[in-house]
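**Q** got a predicted structure plus its sequence, pasted below:
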Amino acid sequence: MAWETIHKHVAPRVRPNLTDYDRTWAEFTWSRARAALEGQPGGGLNIAHEAVDRHVGSGRGGKVALRCVSPDGTAGSVTYAELAGRTSRFAHVLRSLGVGRGDRVFTLLGRCPELYTAVLGTLKNTSVLCPLFSAFGPDPVEQRLRLGDGRVLVTTAALYRRKVAERRTSLAGLEHVLIVGPGAEDLPGTLSFDQLMAAAPERFTIPPTSPEDMALLHFTSGTTGAPKGAVHVHEAVVAHHATAAYALDLHPEDVYWCTADPGWVTGMSYGVIAPLVHGVTVVVDEGEYDARRWYRILAEQRVSVWYTAPTALRMLMRATPRQGPHDLPASYDLSRLRFIASVGEPLNPEAVVWGQEVLGLPVHDNWWQTETGCIMIANFAACEIRPGSMGRPLPGVEAAVLSCGGDGRARVTDGRVTVEDRPGAEGELALRPGWPSMFRAYLHDKERYEAAFADGWYLTGDLVSRDADGWFWFVGRADDVIKSAGHLIGPFEVESALMEHPAVAEAGVIGRPDPVAGNIVKAFVSLRPDVQATPALERDLLGFARRRLGPAVAPREIAFDQNLPRTRSGKVMRRLLRARELGLPTGDLSTLEGSA
Ligand code: AMP
């Protein structure tokens, strides 16, 4: 279906930060963007200073930084001055534990005020923050703590009990576990976050921080091997600030709500850092998704800018038919809402148009990934929207489409790539390195880092096309990673967990398209000799994977197949499994085991 371009004839309620795209893109420099921040004497730059202390220093300490909506719907506020005090206390807590510059502090928390304290206090102490997704099971948690050299973990008693306690002895490097809320006294080897905080002083001088000091570690998944720890530095804050101004159109008076989980990069870059650097009020929803609850939050908290995800929008669309008696949005006052953006997976044109028709505002899709650290391509407040397109590169970002070879990735010949100029031609999306939040390494994995670059470009692993006017259109992933409900899942991690089950000989994991979640994880499993494929075994395997991996990562479907297609080198061919599942052409099978 062809979707009409959405032209914005109604004047926006506030003047957009970006009004002339071409001019801004041509004139933009990152050094000027840096000048919008305060920095430290002598050229230092610390994310937490820019996000919190800077506002207090300039007389804005009384402004509400966080509006925390508890699961029962009651809301409480934390001012910038209070946040400055709490984050300073946490920096002291870390210091008193002997945790210092570069040491890794992990969080395994949902959205809650303590998360903000731990993240920004860690950054004040020049330690490195690594967030974990609280829906991960014990396997992904343990693996990331080990790969990331976690010294400190901040979590709750319930999450610790379910996901870490049993594995603690194998995590020798994990010296301190801080329990938020009650329960530390019953958990050997843990400390009470609240008690330590109460004993710590409220003033902390942030040590000189180099813009190149490591600040954040975000794990992401590839097709094979262990998760990759993308390293980000304090200078990233320049990009968080500039891109939130352009792509989210943040203004100081905004009330802003980002629905992403803080265990993923969006929840950190745009749920914590960027909005606080802008000094806006951030809504922190401590509850679970529920359509009524979400509309109530938008209305009662008077949200003006909302950053969410396609799966969430599709869930709302389902809960909100366009006609009929259940006109949910109409029963809430959404008049404060002035800008909606979405990220993380393809945003179907229907969702863009639904926003326009039902919420009175179109949804602005934007694109980026863990490695880029900030939004790279976006639809902007002042520009037309082409529904289904991710938009155009941000000021400071140069993007290109590269011609692909037979393996579906950018073709590199004698070290050179070919930029695809023909409008509409598909290829791998590449970005010219140089923006401040570009990842600086995959932790302990130089080889994989270097493999992500060719001929002066960073290769994203995404297939896209660009139309004649410069709008980018998402085509698909060039590799086997799975996006399910906006979360990036590495098939290898799921296969490895399944193969720990005594009945399983081999496993191949793919994403099966789903109308709401984008994809769901489906596993094809071959069994060991003498093991019978039964419904009971299927249930057992699903439960086994769920306990180890957690509900967000575990397969939702399992199929038994004693003849999994394999390459001649013995690897399960996921591409073929997927093609068969979807009834697609199987493509080049020359590497299939047994082929001539
Ligand atoms: P992550 O690193 O977990 O944030 O996932 C990044 C990946 O999500 C990208 O490489 C894309 O495959 C996908 N993605 C992010 N934003 C979009 C978007 N607007 N449209 C389509 N896919 C997206």
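**A** It's in.
**Q** and residue 159, that's in a strand?
**A** No. Residue 159 sits outside any strand when classified using DSSP: H, G, I helix; E, B strand; the rest coil, being helix.
**Q** name the nearest residue to it, sequence neighbours excluded.
**A** residue 108 (5.3 Å; CB to CB, 6 or more residues apart in numbering). No exception for glycine: its C-beta is placed from N, CA and C like everyone else's.
**Q** could you check the longest helix seen in the chain and say which residues are buried?
**A** When the chain is parsed with DSSP state H, its longest helix is helix 80-96. Neighbour-count burial for helix 80-96, counted by 16 or more other CB atoms under 10 Å, picks out 80-95.
**Q** wait, residue 448 sits on residue 222?
**A** Yes. Taking CB atoms under 8 Å as the definition, residue 448 is a contact partner of residue 222 at 7.2 Å.
**Q** shared neighbours, the two?
**A** Each of residue 228 lies in contact with both residue 448 and residue 222 under the rule CB atoms under 8 Å, 6 or more residues apart in numbering.
**Q** list the contacts of residue 397.
**A** Contacts of residue 397 were listed using CB under 8 Å, 6+ apart, and they are 376-377, 431-432, 435.
**Q** for these, which one is nearest the ligand?
**A** The shortest approach to the ligand among these belongs to residue 377, at 7.7 Å (CB to the nearest ligand atom).
**Q** if I look at residue 345, how far off is residue 260?
**A** Computed as CB to CB, to the nearest Å, the residue 345 to residue 260 distance reads 12 Å.
**Q** joint contacts of the two?
**A** Residues touching both residue 345 and residue 260 by CB under 8 Å, 6+ apart: 309, 486.
**Q** before we move on, the earlier item: could you check which of residue 448 and residue 222 is surrounded by more residues?
**A** When neighbours are counted by other CB atoms under 10 Å, residue 222 comes out ahead of the other of residue 448 and residue 222, with 22 against 14.
**Q** gap between that one and residue 478?
**A** Distance of residue 222 to residue 478, given as CB to CB: 11 Å.
**Q** ok, now which ones touch residue 238?
**A** Residue 238 is in contact with 30, 33-34, 37, 45, 436-437, counting by CB under 8 Å, 6+ apart.
**Q** 10 Å instead, please
**A** Taking CB atoms under 10 Å, 6 or more residues apart in numbering, we find residue 238 in contact with 30-37, 39, 45, 47, 50, 211, 277, 374, 396, 435-437.
**Q** would you list the buried entries among those residues?
**A** With neighbours counted by 16+ other CB under 10 Å, these contain buried members at 30, 33-34, 37, 39, 45, 47, 50, 211, 277, 374, 396, 435-437.
**Q** may I have the beta-bridge partners of whichever residue of the stretch 101-250 of the chain sits closest to the ligand?
**A** At 4.9 Å from the ligand, residue 220 is the closest residue in the stretch 101-250 of the chain, using CB to the nearest ligand atom. Beta bridges link residue 220 to residue 228 when assigned by DSSP bridges.
**Q** was I right about it contacting residue 231?
**A** No. Residue 220 is not in contact with residue 231 according to CB atoms under 10 Å; the separation is 11.4 Å.
**Q** with neighbour numbers in mind, choose between those two.
**A** Using other CB under 10 Å, the more surrounded residue of residue 220 and residue 231 is residue 231, with 21 against 18.
**Q** and that one, which of the three is it?
**A** Residue 231 - assigned by three-state DSSP - is strand.
**Q** next one: residue 311
**A** Applying three-state DSSP: residue 311 is helix.
**Q** just give the nearest non-adjacent residue to it, would you?
**A** Distance criterion CB to CB, 6+ apart; nearest residue to residue 311, sequence neighbours excluded, is residue 485 at 4.5 Å.
**Q** re the thing from before, restricting to C-alpha, output the longest helix of the chain in CSV.
**A** In CSV, the C-alpha atoms belonging to helix 80-96 read as follows (Å, rounded to 0.1, in the frame of the first residue of the first chain):
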residue,chain,number,x,y,z
TYR,A,80,17.7,18.3,40.3
ALA,A,81,19.1,19.4,43.6
GLU,A,82,17.9,16.2,45.3
LEU,A,83,19.3,14.2,42.4
ALA,A,84,22.7,16.0,42.7
GLY,A,85,22.8,15.1,46.4
ARG,A,86,21.8,11.4,45.9
THR,A,87,24.3,10.9,43.0
SER,A,88,27.0,12.5,45.1
ARG,A,89,26.2,10.1,48.0
PHE,A,90,26.4,7.2,45.6
ALA,A,91,29.8,8.3,44.3
HIS,A,92,31.0,8.4,47.9
VAL,A,93,29.5,4.9,48.5
LEU,A,94,31.6,3.6,45.6
ARG,A,95,34.7,5.4,46.8
SER,A,96,34.3,4.0,50.3
